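Novice: only geometry, no sequence info:
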Ligand code: GUN
């Protein structure tokens, strides 16, 4: 079997064209331009790339955006003060603090300082709770993108075995909630899981989000499974690769996302979706 390749760039482009139209309509009808503030603390090269991509995506969709950068040794209070200003700023509908933060920051406290109505990452404890209760205000962008992929590919999740590798707050945990709410039977595996391959081989839907280059091999995948690769790893030669051995697994799976060009562009697309939604709600 050769898997169908789920093209994140194509789906992202289609959705972003629609968001641009909606943003223009909001500007014309209410004088509101969706606005996103992105806060970056420190000089992590990967975070710098992600933040630049987020700001560029806003510009292309006709959104207002502000990038606010601090050196890693910034006093935390300065960041809290800036978040308070952004919470009150009518030009800003979404606030995102790029993670991870330097070690001297209490990340939970920073995320909690963001007004829940502007928390377009969906990481504020109130929004995490709302997602868990089944009425999300904002769905975290990466798992949201994965759900869009699955919907676009017409994959029925009801009663399916879904296995997630990774238990992070950003991907693994919200991914589990969404798949469960879509009536899949969900297993979360992590670094302490015994016999990982036992679980992965049972998966109809396998989501890899553990951050280890080409960790998922063909032998770990059930023939016909749908494989979603959330990993972005840099190889010694500088090339990017996912958590899945793409070449081998695409011979076994029925559908697979590539890296790059799979989940990555969808994450940023769903950030635009959440920012637009925040602006539309505010203008209602
Ligand atoms: N770092 C890695 N992924 C994300 C994300 O989705 N949002 C934020 N804020 N930081 C991240």
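Specialist: In hand now; what should we look at? Only a predicted model underlies this, so the values are computations on that prediction, with no experimental measurement involved.

Novice: closest point of the stretch 51-200 of the chain to the ligand, which residue?
Specialist: Residue of the stretch 51-200 of the chain nearest the ligand, by Cβ to the nearest ligand atom: residue 99 (3.7 Å). Just so you know, the C-beta spots here come from the backbone N, C-alpha and C atoms, and that holds for glycine as well.

Novice: quick one: the strands in the stretch 101-250 of the chain?
Specialist: 161-165, 185-189, 205-208, 226-229, 233-234, 240-241 (DSSP state E, counting those that start in this stretch).

Novice: number of nearby residues for residue 272?
Specialist: Residue neighbour count, defined by other Cβ atoms under 10 Å, stands at 28 for residue 272.

Novice: returning to what we had before: quick one: which of the strands of the stretch 101-250 of the chain is nearest residue 77?
Specialist: strand 233-234 (34.0 Å; Cβ to Cβ).

Novice: direction included, what does that closest one pair up with?
Specialist: Applying DSSP bridges, strand 233-234 is found paired with strand 240-241 (antiparallel).

Novice: now do the partner strand: everything it contacts.
Specialist: For strand 240-241, contacts defined as Cβ atoms under 8 Å, 6 or more residues apart in numbering pick out 213, 214, 231, 232, 233, 234, 235, 259, 260.

Novice: same thing with stretch 110-130?
Specialist: Contact with stretch 110-130 is made by 36, 76, 79-80, 83-84, 86-87, 92-97, 99, 101, 108, 131, 136-141, 169-170, 174, 271, 274-275, 278, 281-282, as judged by Cβ under 8 Å, 6+ apart.

Novice: so how far is it off the chain centroid?
Specialist: In terms of Cα atoms, centre = their mean, to the nearest Å, the centre of stretch 110-130 is set 15 Å apart from its chain centre.

Novice: also stretch 184-196?
Specialist: Its chain's C-alpha centre and that of stretch 184-196 lie 20 Å apart, by Cα atoms, centre = their mean.

Novice: distance between the ends of that stretch?
Specialist: Chord length of stretch 184-196, first to last residue, is 19 Å (Cα to Cα, to the nearest Å).

Novice: and the lengthiest helix in the chain, what's buried?
Specialist: What stands out as the longest helix in the chain, according to DSSP state H, is helix 8-30. Within helix 8-30, the residues that count as buried by 16 or more other Cβ atoms under 10 Å are 8, 11, 12, 15, 16, 19, 20, 22, 23, 26, 27.

Novice: closest to residue 264 among the residues you listed?
Specialist: Closest approach between those and residue 264, by Cβ to Cβ: residue 8, at 6.4 Å.

Novice: give me every residue that touches that closest one.
Specialist: 145, 149, 257, 258, 261, 262, 263, 264, 265, 266.

Novice: could the buried residues of helix 8-30 go into JSON lines alongside pLDDT?
Specialist: Converted to JSON lines, the buried residues of helix 8-30 look like this (pLDDT from 0 to 100):
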{"residue": "8", "pLDDT": "98"}
{"residue": "11", "pLDDT": "98"}
{"residue": "12", "pLDDT": "98"}
{"residue": "15", "pLDDT": "98"}
{"residue": "16", "pLDDT": "98"}
{"residue": "19", "pLDDT": "98"}
{"residue": "20", "pLDDT": "98"}
{"residue": "22", "pLDDT": "98"}
{"residue": "23", "pLDDT": "98"}
{"residue": "26", "pLDDT": "98"}
{"residue": "27", "pLDDT": "98"}
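
Novice: turn the residues you listed into TSV, including distance to residue 239.
Specialist: Converted to TSV, these look like this (distance: Cβ to Cβ, whole Å):
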residue	distance to residue 239
8	17
11	23
12	21
15	27
16	26
19	30
20	31
22	36
23	35
26	40
27	40
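
Novice: thinking again about what came up before, among the contacts of stretch 110-130, which ones are buried?
Specialist: Buried members of the contacts of stretch 110-130, scored by 16+ other Cβ under 10 Å, are 36, 76, 79, 83, 86-87, 92-97, 99, 101, 131, 136-141, 170, 174, 271, 274-275, 278.
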